[in-house]
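Colleague: Structural data only, the sequence is not supplied:
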């Protein structure tokens with residue numbers, strides 16, 4: 001493989017993870033036109049269309065997905081190799097502070113960070129959990145793990161993994177009120193809605209898609225909260241139907257404390273991102289944590305543990 005091919009792979013992986021030409025241009029420090037020109041050159045060299053794009057959409061073609069998946073393995077492997085070489089004769093020291101949403105931080109990231117600390121005993125780790133959007137780098141965080149892209153287009157972000165939302169309720173609720181048979185039936189049920197922290201806007205438009213049908217249902221929240229953990233607890237206690245991220249609900253679905261409602265339908269796709277304070281310098285401990293976190297999250301999703 002020629003050197004240009006390797007750099008093209010790295011460029012394409014970063015472009016896909018940025019989610020668009022404009023965001024990736026800011027990350028690379030070049031114009032969007034320059035990013036588009038390089039993408040076209042790669043597509044011309046390979047003789048395929050990698051990204052299907054217009055003014056509103058940015059989707060990988062089948063060939064693009066194959067190129068991304070293979071490129072990600074190579075790029076991640078190279079980054080991991082460099083990190084191992086750089087740390088082969090030294091210990092990670094100092095402090096590393098991570099910000100995360102409350103439910104995800106408590107239930108998923110805390111075990112991972114504890115294991116990461118065991119591997120690096122000289123590293124002082126701090127996990128700060130709060131409602132989504134209620135922390136920033138003025139809080140002296142080295143990295144923020146968040147669900148969905150941040151509002152600021154200038155934020156330095158990298159994608160970690162993707163999941164989707166599912167409808168779920170407790171067995172007691174289903175026994176008392178029955179299960180909805182169609183998405184429209186949700187309008188007749190008690191629904192539990194998450195609210196956005198800063199605007200208090202409820203996430204009450206629930207997108208649902210099956211193999212043959214997709215629609216958006218506007219629900220009226222009987223109970224709502226800015227805390228995903230509170231929504232989860234309400235659902236388990238039989239207060240209504242929740243629209244949860246799969247990785248937040250999966251343990252409860254496995255244990256039977258929640259049941260999957262309308263299982264033929266999946267909700268909107270949602271990605272997990274890491275937000276970094278600077279493009280120019282990323283601490284070695286942050287790079288290693290991100291590298292291992294990607295593997296941990298993706299393995300957990302594939303094995304059904306997340």
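Modeller: Arrived safely. Note that the coordinates shown come from a computational prediction; the quantities given were computed from them, not determined experimentally.
Colleague: And the helices in the stretch 1-150 of the chain, which stretches?
Modeller: Ranges of helices in the stretch 1-150 of the chain, per DSSP state H, counting those that start in this stretch, are 3-18, 21-28, 32-46, 62-86, 102-104, 110-119.
Colleague: ok, and for the second one, which residues are buried?
Modeller: With burial defined by 16 or more other CB atoms under 10 Å, the residues of helix 21-28 counted as buried are 21, 23-28. Quick note: C-beta positions are derived from backbone N, CA and C, even for glycine.
Colleague: of the residues you listed, closest to residue 269?
Modeller: Checking the buried residues of helix 21-28 against residue 269 by CB to CB gives residue 23 as the nearest, at 17.6 Å.
Colleague: mind putting the buried residues of helix 21-28 in JSON lines, distance to residue 296 included?
Modeller: Listed next are those as JSON lines, based on distance: CB to CB, whole Å:
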{"residue": "21", "distance to residue 296": "30"}
{"residue": "23", "distance to residue 296": "25"}
{"residue": "24", "distance to residue 296": "25"}
{"residue": "25", "distance to residue 296": "30"}
{"residue": "26", "distance to residue 296": "28"}
{"residue": "27", "distance to residue 296": "24"}
{"residue": "28", "distance to residue 296": "28"}
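Colleague: Nearest to residue 154, out of the helices of the stretch 1-150 of the chain?
Modeller: Closest of these to residue 154 is helix 21-28, at 6.4 Å (criterion: CB to CB).
Colleague: and that closest one, what does it pack onto?
Modeller: Contacts defined by 3 or more CB pairs under 8 Å, 6 or more residues apart in numbering; DSSP states H and E place helix 21-28 against helix 3-18, helix 32-46.
Colleague: Are there helices or strands packed against the first one, and which ones?
Modeller: Counting contacts by 3+ CB pairs under 8 Å, 6+ apart, helix 3-18 is packed against helix 21-28, helix 32-46, helix 62-86, strand 156-169.
Colleague: residue with max distance from the center of the protein?
Modeller: residue 176 (34.4 Å; CA atoms, centre = their mean).
Colleague: My guess is that residue contacts residue 190. True?
Modeller: No. Assessed by CB atoms under 8 Å, residue 176 is found out of contact with residue 190, at 10.1 Å.
Colleague: what ranges of the chain fall below the confidence cut-off?
Modeller: 1-6, 54-57, 83-91, 132-135, 138, 153, 197-198, 279-281, 300-306 (pLDDT under 70).
Colleague: So which residue is dead centre in it?
Modeller: The C-alpha lying nearest the average C-alpha coordinate of the chain belongs to residue 272 (CA atoms, centre = their mean; 1.3 Å).
Colleague: Tell me how far the nearest residue to that one once chain neighbours are set aside lies from residue 136.
Modeller: Excluding its sequence neighbours, the residue lying closest to residue 272 (CB to CB, 6 or more residues apart in numbering) is residue 160, at 4.5 Å. Going from residue 160 to residue 136 by CB to CB, to the nearest Å gives 19 Å.
Colleague: out of those two, which sits in the more crowded spot?
Modeller: Counting neighbours by other CB atoms under 10 Å for residue 160 and for residue 136 shows that residue 160 has the greater number, 18 against 14.
Colleague: Compute the distance between the more buried one and residue 189, please.
Modeller: Distance, residue 160 to residue 189, using CB to CB: 33 Å.
Colleague: And for residue 116?
Modeller: Relative to residue 189, and taking CB to CB, residue 116 is found at 41 Å.
Colleague: neighbour count winner among those two?
Modeller: Using other CB under 10 Å, the more surrounded residue of residue 116 and residue 189 is residue 116, with 21 against 18.
Colleague: If you drop the residues flanking it in sequence, what lies closest to residue 249?
Modeller: In space, residue 249 is closest to residue 168, 5.2 Å off (CB to CB, 6+ apart).
Colleague: Could you verify my assumption that the one you found touches residue 242?
Modeller: Yes. Between residue 168 and residue 242 there is a contact under CB under 8 Å: 5.7 Å.
Colleague: Done for today, thanks.
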